[in-house]
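Asks: Predicted coordinates and the sequence they were generated for:
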Amino acid sequence: MMKQIQGFSKLSKQDKIEWLATHFFQNADLAKQTLMQYWNSNQQLQQLHDEFTENTISNLYIPFGVAPNFLIDGQFYSLPMAIEESSVVAAASNAAKFWQSRGGFKTEIIGTEKVGQIHFTFNGQADFLFSQFNSLKQSLIETANEVSANMIKRGGGLTTIDLIDKTDALENYYQIHACFETLDAMGANYINSCLEAMAKLWENELNAALANSTHKLEVVMSILSNYVPNCLVKAQVSCPVSALAKDQDKAKQYAQKFVQAVQIAQVEPYRAVTHNKGIMNGIDALVLATGNDFRAVEAGVHAYASRTGTYRSLSDARIENDEFIFEMTLPLALGTVGGLTKLHPLVKLALEMLGNPNAQELMRIAAVCGLAQNFAALNSLTTTGIQKGHMKMHLMNILNQFQATEEEKTTIAKMYENKTISHTQVVETLNAMRDAAN
Ligand SMILES: CC(C)(COP(=O)([O-])OP(=O)([O-])OC[C@H]1O[C@@H](n2cnc3c(N)ncnc32)[C@H](O)[C@@H]1OP(=O)([O-])[O-])[C@@H](O)C(=O)NCCC(=O)NCCSC(=O)C[C@@](C)(O)CC(=O)[O-]
Ligand SMILES: NC(=O)C1=CN([C@@H]2O[C@H](COP(=O)(O)OP(=O)(O)OC[C@H]3O[C@@H](n4cnc5c(N)ncnc54)[C@H](O)[C@@H]3O)[C@@H](O)[C@H]2O)C=CC1
């Protein structure tokens, strides 16, 4: 059977499903039924979702959870978190609960600069290019400003442009490196529009100036960068070491071991990747719930974690004058306008739950969610081990996999209340219960 097709995008949703069901599934009716059972009964809402992207045939639900009790810069927040992984929301809530009675989380915006680049080749003398750039710089800025009228009115827009000679790295390669202030927008579409307008002017003007020469300039591409090392936010918690546990020796040991765990993630990339994955558990969940682009955030954050040439922990912990300090600085290009932020009803709800923050406030909240997640994970890792809490939360997934009844779930949850859970043990217990009942 032919598993390829021309013009799939032009088929109706129903015909797309029909083609897929008959070509890829043993039970075509079951496949159709499964896809359709996730359609929203409100047709208008379903159409909105269909139109977010292309070739939509169904919806993949991700749980929308809430982590309450976050005291951030003196204000309480409940954080919306869209995530499928068990124990992440519980861990964030646990950390929020712990820190709310120890001064809460403090944040600081270090910068909000976004970046875009026009990448081009030129086979002539660099001096000629630099002199042309100096004469055309003002026209390039004005071209960007034409695209930016509304952005400039709000206080944003293009802030700097520089010509950079990259011929050491790649033959004939140069770039125009541009920086922007995009206020409450993440800025991708806005920056790309500015860059494309500037690139057109640059290419036309340069090739006109080179009309009688054998040299040529060619724009390869114009695109924002998701590496935003000057769009930075810092989140921090701190308290006297003595406030970490009732027993003072235990509190000291706890703080020291916690600091060691972070130091290991600063020098050992294998550990750093998992450590930062734990941070992204919180950040991605909040980024997704607020309709932001988590791929952009992920790419930028991991590049930043490698900025010294070695992949390192994003967070840092230390003890200073008997004070335990745990903090993290990371780049977050987030928007509270644009993209899905004003379109998706649940995203609008999530933003309202956060008090309709501006982009800087959202950066602060997302950074805190990441730090809280990292705190909860390290707290477990350096005390009970991660499996105790994680598997406690994962228990329902294991039981659902084996279609456990409500009665079986209640009995098994009680049996494992104070034990570290393993998948095998739970399955054995469930089978034993079923054997005994037969
Ligand atoms: C899982 C807990 C919280 C259990 O911890 P616990 O001590 O058993 O929890 P508890 O029952 O005593 O409850 C304390 C608080 O935790 C929260 N909590 C507790 N249970 C729930 C629940 N069902 N639903 C929602 N919230 C819950 C909640 O805030 C609750 O307060 P309360 O609401 O009762 O006032 C703890 O063990 C923990 O924080 N573990 C860390 C888990 C974690 O980090 N998971 C991420 C997935 S693992 C991973 O991907 C990353 C990793 C770990 O590899 C990263 C790394 O290596 O760094
Ligand atoms: N590499 C990447 O990360 C790329 C991402 N994208 C996508 O682009 C989208 C984000 O682009 P944006 O330009 O942010 O969104 P957008 O294209 O929806 O535009 C946001 C617009 O909102 C307007 N606006 C209204 N109030 C504003 C305020 N207070 N502050 C700033 N602007 C205000 C501005 O005109 C601004 O250009 C995301 O959906 C992302 O997934 C697109 C291309 C590449």
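Replies: Yep, that arrived. Note that this is a predicted model, so its numbers are computed, not measured. Ligands and ions are numbered 1, 2, ... in the order given.
Asks: Let me see the ranges of the strands in the stretch 151-300 of the chain.
Replies: 157-165, 173-181, 217-225, 232-240 (DSSP state E, counting those that start in this stretch).
Asks: Output those in a markdown table, with distance to ligand 1 and mean neighbour count appended to each entry.
Replies: C-beta coordinates here come from the backbone N, C-alpha and C atoms, glycine included. Below are these laid out as a markdown table (distance: least, CB to the nearest ligand atom, whole Å; neighbours: other CB atoms under 10 Å):
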| stretch | distance to ligand 1 | mean neighbour count |
| --- | --- | --- |
| strand 157-165 | 37 | 16 |
| strand 173-181 | 34 | 19 |
| strand 217-225 | 28 | 18 |
| strand 232-240 | 15 | 20 |
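Asks: Compare these and give me the one nearest residue 25.
Replies: Ranking these by proximity to residue 25 (CB to CB) places strand 217-225 first, at 38.5 Å.
Asks: secondary structure class for the closest residue to residue 13 other than its chain neighbours?
Replies: Counting by CB to CB, 6 or more residues apart in numbering, residue 13 lies nearest to residue 57, which is 6.3 Å off, once chain neighbours are set aside. Put simply, residue 57 is coil when judged by DSSP: H, G, I helix; E, B strand; the rest coil.
Asks: got the contact list for residue 57?
Replies: Shown in contact with residue 57 (CB atoms under 8 Å, 6 or more residues apart in numbering): 13, 16-17, 20, 35.
Asks: Just flag the most distant two among these.
Replies: Most distant of the contacts of residue 57, by CB to CB, are 13 and 20, 10.9 Å apart.
Asks: how near is the residue nearest to residue 13 to ligand 1?
Replies: According to CB to the nearest ligand atom, to the nearest Å, residue 57 stands 30 Å off from ligand 1.
Asks: now swap in residue 53 and tell me
Replies: In terms of CB to the nearest ligand atom, residue 53 sits 27 Å off from ligand 1.
Asks: So residue 13 and residue 20 - more neighbours on which side?
Replies: The residue with more neighbours, out of residue 13 and residue 20, is residue 20; 19 against 16, by other CB atoms under 10 Å.
Asks: check which helix or strand covers the more buried one.
Replies: helix 13-24 (DSSP states H and E).
Asks: Flag the shaky bits of the chain, pLDDT-wise.
Replies: Residues of the chain meeting the criterion pLDDT under 70: none.
Asks: Just send the strands of the stretch 151-300 of the chain back as CSV, with distance to residue 423 too.
Replies: Below are the strands of the stretch 151-300 of the chain laid out as CSV (distance: least, CB to CB, whole Å):
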stretch, distance to residue 423
strand 157-165, 53
strand 173-181, 49
strand 217-225, 42
strand 232-240, 34
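Asks: Alongside ligand 2, which residues does the stretch 251-400 of the chain contribute?
Replies: 293, 296, 335, 337-339 (CB under 6 Å from any ligand atom).
Asks: Max pairwise distance over these: which two?
Replies: Checking those with CB to CB, the most distant pair is 296 and 337, at 15.5 Å.
Asks: Between the two, which is the more surrounded one?
Replies: For the pair residue 296 and residue 337, the greater number of neighbours falls to residue 296 (22 against 13), based on other CB under 10 Å.
Asks: In contact with the residue nearest to residue 195 when sequence neighbours are not counted, which residues?
Replies: Ranked by CB to CB, 6+ apart and with sequence neighbours excluded, the top spatial neighbour of residue 195 is residue 222, at 3.8 Å. By CB under 8 Å, 6+ apart, residue 222 lies in contact with 116-119, 192, 195-196, 198-199.
Asks: One more: residue 167?
Replies: By CB under 8 Å, 6+ apart, the neighbours of residue 167 are 126, 173-174.
Asks: One more: residue 13?
Replies: So residue 13 contacts 50, 56-57 (CB under 8 Å, 6+ apart).
Asks: switch to 10 Å and redo it
Replies: 35, 39, 46-47, 50, 55-58 (CB atoms under 10 Å, 6 or more residues apart in numbering).
Asks: Residue 257 now?
Replies: Here residue 257 is in contact with 378, 381-383 (CB under 10 Å, 6+ apart).
Asks: ok, now residue 214?
Replies: 123-124.
Asks: Pull the number of nearby residues for the residue nearest to residue 299 when sequence neighbours are not counted.
Replies: Leaving aside its chain neighbours, residue 299 sits nearest to residue 226 (4.5 Å; criterion: CB to CB, 6+ apart). Summarising burial for residue 226: neighbours were counted as other CB under 10 Å, giving 20.
Asks: Can you verify my assumption that residue 226 contacts residue 192?
Replies: No - using CB atoms under 10 Å as the test, residue 226 is too far from residue 192 to be in contact (12.0 Å).
Asks: Now do stretch 53-67: distance to the chain's middle.
Replies: Stretch 53-67 sits 16 Å away from the centroid of its parent chain (CA atoms, centre = their mean, to the nearest Å).
Asks: Start the count at 187 instead of 1 going forward.
Replies: Yep, numbering from 187; the last one is stretch 239-253 now.
Asks: got the end-to-end distance for that stretch?
Replies: 29 Å (CA to CA, to the nearest Å).
Asks: Could you give me the buried positions within it?
Replies: 243-244, 250-251, 253 (16 or more other CB atoms under 10 Å).
Asks: So is it next to ligand 2?
Replies: No - using CB under 6 Å from any ligand atom, stretch 239-253 stays clear of ligand 2, with a minimum separation of 10.7 Å.
Asks: Please apply the same query to stretch 374-391.
Replies: Yes - Stretch 374-391 comes into contact with ligand 2 (CB under 6 Å from any ligand atom), by way of 374-376.
Asks: does stretch 268-287 come close to ligand 1?
Replies: Yes - counting by CB under 6 Å from any ligand atom, ligand 1 has neighbours in stretch 268-287: 271, 273-277, 279-280, 283.
Asks: For that stretch, buried residues please.
Replies: 268-269, 271-286.
Asks: Let me see the backbone angles for the closest residue to ligand 1 within the chain.
Replies: Of all residues in the chain, residue 575 sits closest to ligand 1, at 1.8 Å by CB to the nearest ligand atom. Main-chain dihedrals, residue 575, degrees, to the nearest 10: phi -70, psi -40.
Asks: Tell me how far the residue in the chain that ligand 2 sits nearest to lies from residue 476.
Replies: The minimum distance from the chain to ligand 2, using CB to the nearest ligand atom, falls at residue 524 (2.5 Å). Look at residue 524 and residue 476: by CB to CB, to the nearest Å, they are 12 Å apart.
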